[in-house]
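Q: Can you look at this prediction? I've put the sequence above it.
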Amino acid sequence: MPTRKGLPPLSEKNPNLSHRGFINFCFDGRYKYARYYAPDQFNTPLAFDDIFGGNELELFDLEADPDEVENLALDGEQNRALIVAMNDLLNDLIAQEVGVNDGSFLPEVVRPKT
């Protein structure tokens, strides 16, 4: 059924959900940690390898680098403990504020299929 402008309604669209355009992030007063993921790949990674497996990461020390030039996540092994700590903080915040991070808050047309 076409809309008034001749375009198909959103319910008939088939969006590409593989782009890692969704973001969760946290700030602990010094470090800013961002985890980018695809809307069809919601995840709550716990293990270090899983953190990098399904996500793109940014980690900045805003005390030493207020302009966010040096992404510490690019050297994952050197910053492993910090990445895991910030990831744990982010997971805790998501659990408190959202509950299960499974995309159930999204409109049905773009919600991950289970």
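A: That came through, no problem.
Q: All the helices of the protein, residue numbers only.
A: 48-53, 80-97 (DSSP state H).
Q: Show the secondary-structure elements that the longest one is packed against.
A: Other helices and strands packing on helix 80-97, by 3 or more Cβ pairs under 8 Å, 6 or more residues apart in numbering; DSSP states H and E, are strand 22-27, strand 31-37, helix 48-53, strand 56-61. Glycine gets a C-beta too; all of them are placed from N, C-alpha and C.
Q: remind me which residues of the protein are low pLDDT?
A: 1-5, 7-21, 109-114 (pLDDT under 70).
Q: For residue 59, find the nearest of the helices of the chain.
A: When the helices of the chain are compared by Cβ to Cβ, helix 80-97 sits nearest residue 59, at 6.2 Å.
Q: Flag every buried residue along the closest one.
A: The neighbour-count criterion (16 or more other Cβ atoms under 10 Å) identifies 82-83, 86-87, 90-91, 94 as the buried residues of helix 80-97.
Q: Same question for stretch 29-39.
A: Going by 16+ other Cβ under 10 Å, stretch 29-39 has these buried residues: 31-39.
Q: just the residues you listed now: which is nearest residue 106?
A: Nearest member of the buried residues of stretch 29-39 to residue 106, counting by Cβ to Cβ, is residue 39, at 6.8 Å.
Q: Verify the stated contact: that closest one with residue 107.
A: No - contact criterion Cβ atoms under 8 Å: residue 39 and residue 107 do not qualify, at 10.6 Å.
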